[in-house]
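> mind looking at a prediction? Sequence and model below.
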Amino acid sequence: MVFKRMLGAFGVGAPSVDTVLSTPRIQPGGLLTGEVRLKGGDFDADIEHVTLSLVARVEIEHGDGEGAGVGGFSRAQVSGPFTLRQGEDRVIDFQVPVPWEAPISEIGGQHLNGMALGVRTELAIAKAVDKGDLDMVAVEPLPSQLRILQAFLQLGFQFKSADLEAGHLYGVHQELPFYQEIEFYPPRLAAVGEVEVTFVASPHGLEVVLEADKRAGRHSGDAIGRFTVSHDDAMRTDWPSEIDRWLAGLSQHGHGFGHGGFGHGEHHGDSYGHHQGHHGHHGHHEEHRGGPGLGAVAAAGAAGVVGGLVAGEIVEEIFEGDEEEGGDGDW
């Protein structure tokens, strides 16, 4: 997209902008690097600043319903004031920190259905701001997160979808104004329905929230558990055994962690409250139908996680549709 995006807010003959990412695939806590390429238009332009924003498609409650919007969740000014001369070519290098809580949108090169993340480039000229460039970016899981996702597949779960929900999780320290839910179909004979996994990462470790739909017995409903684990301990934990232990506890005791918590993690009680700002959780739950999934058995490495994953919609179209409906805002 070299210099083809004219800055519409400033009229015919305005400068053009293109952002080229050196790291189109990143991890939470990493650095997004690249360069902003500007080309002067038919007149000198006094640039007030150049700013990059990470943006995402987020599900937002509206009264009794729910819609989707595009929100910026991390902003970095990569240039202060300067004059872009007529016809001038200028390149601005940048390194932008990626939040540790950044949602996962890709595993092993495969896009997660339901996720749309991008980097938006904004130019300010004479108090007007033009969001002149939007580039897709992929966030891959940390090794500690990948181990947990693989464990669900080893237990026979299949990937369903992922999305971002506006709001905060009850009892969890959370920097971003939304959280990600990665949803799995259960094995056919499981006592639980769909299971949702939420990661809240930090430099020190992971807060992991599990929500299971208990579909059988007198203790039907949703069960929620959470635990904290360091990144190092997450790599040493036998996650299939620990998750299976938690699921067995749900069927035996109706709630919580049935056998005393997660091996190397810090146990935070049997169950807890609710999602602050959550929408009451869907109202119904689909049965497992063997739909789009990651495969029943995880192979070693990321390839095992994404085998059979169905690619999502074209993310540019998702962003464009949401911007028309709800606009783009900063959280």
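That came through, no problem.

> just the C-alphas of the strand ranked longest in the chain, formatted as CSV.
Longest strand in the chain, counting residues (DSSP state E): strand 45-62. Coordinates of each C-alpha in strand 45-62 appear next as CSV, following Å, rounded to 0.1, in the frame of the first residue of the first chain:
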residue,chain,number,x,y,z
ALA,A,45,2.0,20.8,5.5
ASP,A,46,2.7,21.5,9.1
ILE,A,47,2.4,18.1,10.8
GLU,A,48,1.5,18.4,14.5
HIS,A,49,2.1,14.8,15.4
VAL,A,50,2.1,11.2,14.0
THR,A,51,0.4,8.7,16.3
LEU,A,52,0.0,4.9,16.1
SER,A,53,-2.9,3.1,17.8
LEU,A,54,-3.6,-0.6,18.2
VAL,A,55,-7.3,-1.2,17.5
ALA,A,56,-9.5,-4.1,17.9
ARG,A,57,-13.1,-5.3,17.2
VAL,A,58,-14.9,-5.4,20.6
GLU,A,59,-18.4,-6.7,21.5
ILE,A,60,-20.2,-4.0,23.5
GLU,A,61,-23.5,-4.1,25.4
HIS,A,62,-26.3,-1.7,24.3
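
> can you pull the buried residues of it?
By 16 or more other CB atoms under 10 Å, the buried positions in strand 45-62 come out as 45, 47-48, 50-60. Where C-beta positions appear, they are placed from N, C-alpha and C, glycine not excepted.

> same for that strand, what does it pack against?
Where contact means 3 or more CB pairs under 8 Å, 6 or more residues apart in numbering; DSSP states H and E, strand 45-62 is packed against strand 31-39, strand 65-79, strand 82-84, strand 89-97, strand 117-125, strand 158-166, helix 315-326.

> the inter-axis angle of it versus strand 117-125?
140 degrees (axes from the mean of the first three to the mean of the last three CA atoms, to 10 degrees).

> what is the mean pLDDT for strand 45-62?
Averaging pLDDT along strand 45-62 gives 87.

> for stretch 160-168, same thing?
The model assigns stretch 160-168 a mean pLDDT of 90.

> equivalent analysis for stretch 82-92, please.
95.

> which residues of the stretch 51-200 of the chain score low on pLDDT?
61-68, 127, 132 (pLDDT under 70).

> rewinding a little: a markdown table please, covering the helices and strands packed on strand 45-62 and showing distance to residue 207 and mean neighbour count.
Below are the helices and strands packed on strand 45-62 laid out as a markdown table (distance: least, CB to CB, whole Å; neighbours: other CB atoms under 10 Å):
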| stretch | distance to residue 207 | mean neighbour count |
| --- | --- | --- |
| strand 31-39 | 23 | 19 |
| strand 65-79 | 18 | 17 |
| strand 82-84 | 42 | 16 |
| strand 89-97 | 20 | 15 |
| strand 117-125 | 21 | 21 |
| strand 158-166 | 16 | 22 |
| helix 315-326 | 27 | 15 |
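
> a strand runs through residue 175, doesn't it?
No. Residue 175 is assigned coil when assessed by DSSP: H, G, I helix; E, B strand; the rest coil, not a strand.

> wait, it sits on residue 101?
Yes. If you go by CB atoms under 8 Å, residue 175 and residue 101 touch, sitting 5.5 Å apart.

> between those two, which is the more surrounded one?
residue 101 (20 against 13; other CB atoms under 10 Å).

> so who does the more buried one touch?
28, 174, 175, 176, 179, 200, 201, 202 (CB atoms under 8 Å, 6 or more residues apart in numbering).

> pull out the buried residues from those residues.
28, 174, 176, 179, 200, 201, 202.

> show the average pLDDT along the longest helix seen in the chain.
Identified as the longest helix of the chain according to DSSP state H is helix 239-253. Mean pLDDT, computed over helix 239-253, is 82.

> packing partners for that helix?
Looks like helix 239-253 contacts helix 143-154, strand 192-201, strand 205-214 (3+ CB pairs under 8 Å, 6+ apart).

> switch the cut-off to 7 Å
helix 143-154, strand 205-214 (3 or more CB pairs under 7 Å, 6 or more residues apart in numbering; DSSP states H and E).

> would CSV of the ones you listed with mean neighbour count and distance to residue 183 be doable?
Output for the helices and strands packed on helix 239-253, formatted as CSV (neighbours: other CB atoms under 10 Å; distance: least, CB to CB, whole Å):
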stretch, mean neighbour count, distance to residue 183
helix 143-154, 21, 10
strand 205-214, 21, 9
